[in-house]
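*Asks:* model this:
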Amino acid sequence: MSKFGELIDVEIPVLLDFYTEWNDQSTAMHPVLRDVAAALGDKAKVIKIDVDKNKELSEALRVKGLPTLISYKDGEMKWRQSGEQDANTLIGIIQEYL
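*Replies:* The predicted structure is shown next:
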């Protein structure tokens, strides 16, 4: 869990995507998140977390629906949403914390 703390306790916004490869909505988000990462460049991080490989973290954060997107800034959760989102919405949310 300390590695997770290092991931989110940074000065730039971090968008976490909790997904699985067997969930259609999760895989549909892959190209959207690529676009978000490309648009934000080094101003923010986009990190994908496979819930099957990170069960303990997923349970600790009470991830139920997939995909679940969570934004952090300076180690503090700023936004959370389950379900598909479009790139412009996600970019707008992250830009609020730049």
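*Asks:* so who does residue 79 touch?
*Replies:* 69-71, 93 (Cβ atoms under 8 Å, 6 or more residues apart in numbering). From N, CA and C alone the C-beta is placed, and that goes for glycine too.
*Asks:* what's the span of stretch 79-87 from first residue to last?
*Replies:* 15 Å (Cα to Cα, to the nearest Å).
*Asks:* what comes up buried for it?
*Replies:* 79, 85, 87 (16 or more other Cβ atoms under 10 Å).
*Asks:* who touches stretch 59-72?
*Replies:* Outside stretch 59-72, the residues that reach it (Cβ under 8 Å, 6+ apart) are 1, 8, 13-20, 23, 25-26, 29, 51, 77-85, 90, 93-94, 97.
*Asks:* oh, I was asking about stretch 87-98
*Replies:* 12-13, 15, 32-33, 35-36, 39-40, 43-44, 69, 71, 73, 78-79.
*Asks:* Specify the helix with the largest residue count in this structure.
*Replies:* Scanning the chain for the longest helix, with DSSP state H as the assignment, gives helix 24-40.
*Asks:* Show me which positions of it end up buried.
*Replies:* Buried residues in helix 24-40 (16+ other Cβ under 10 Å): 26, 29, 32-33, 35-37, 39-40.
*Asks:* so where's the protein uncertain?
*Replies:* 1-2 (pLDDT under 70).
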